[in-house]
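# Quick one: sequence plus predicted model below, questions after.
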Amino acid sequence: MAKGRKTRREMLAQEKDGSESIDIFFIRTVAPLLVLRLLYREPCYLVEIPQRIEDMTNGAVQLSIPYTICNRLLNAGLICRNKEIKNGRKREVYQITEKGMAFHDQQTGAFLARVDSVANLLRN
């Protein structure tokens, strides 16, 4: 982990004592969109999601447990999982649905517009 960055456990401890950092809010907001973006590019296994997102964001976003996010996206019909057998093991491959692609595109545009507006405000 990069020097000076807090672990997820430290951030969660802050959340419990009321001093929640911007990191928690940001990750909660952007994580589902990042999962959709990852699956938009290519299907993958659940266990691969945290490392791939960390790689995609150059370490800026770390998801320790993507189960909750993926379950919400599954329940909303934005992603699906397909079972496969690879090397004699059952594996579940997650991929984005048509509905998920449309949602991703719409939400990405809205998110980027807001981020640009906030960034301009904070810079001035």
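Perfect, I can see it now. Since the model is a prediction, treat every value here as computed from it, not as a measurement.

# And the host helix or strand of residue 119, what does it pack against?
Taking DSSP states H and E as the criterion, residue 119 maps to helix 98-123. Judged by 3 or more Cβ pairs under 8 Å, 6 or more residues apart in numbering; DSSP states H and E, the packing partners of helix 98-123 are helix 22-41. Every C-beta, even on glycine, is put in place using the N, C-alpha and C of the backbone.

# pLDDT on the helix it packs on, on average?
For helix 22-41, the mean per-residue pLDDT is 89.

# what does the average pLDDT come to for the next helix or strand after it?
Remark: after helix 22-41, the chain's next helix or strand is strand 44-45, criterion DSSP H and E. Averaged across strand 44-45, pLDDT comes to 94.

# How about stretch 98-115?
On average, stretch 98-115 scores 94.

# quick one: that stretch to chain centroid distance?
Its chain's C-alpha centre lies 13 Å from the corresponding centre of stretch 98-115 when counted by Cα atoms, centre = their mean, to the nearest Å.
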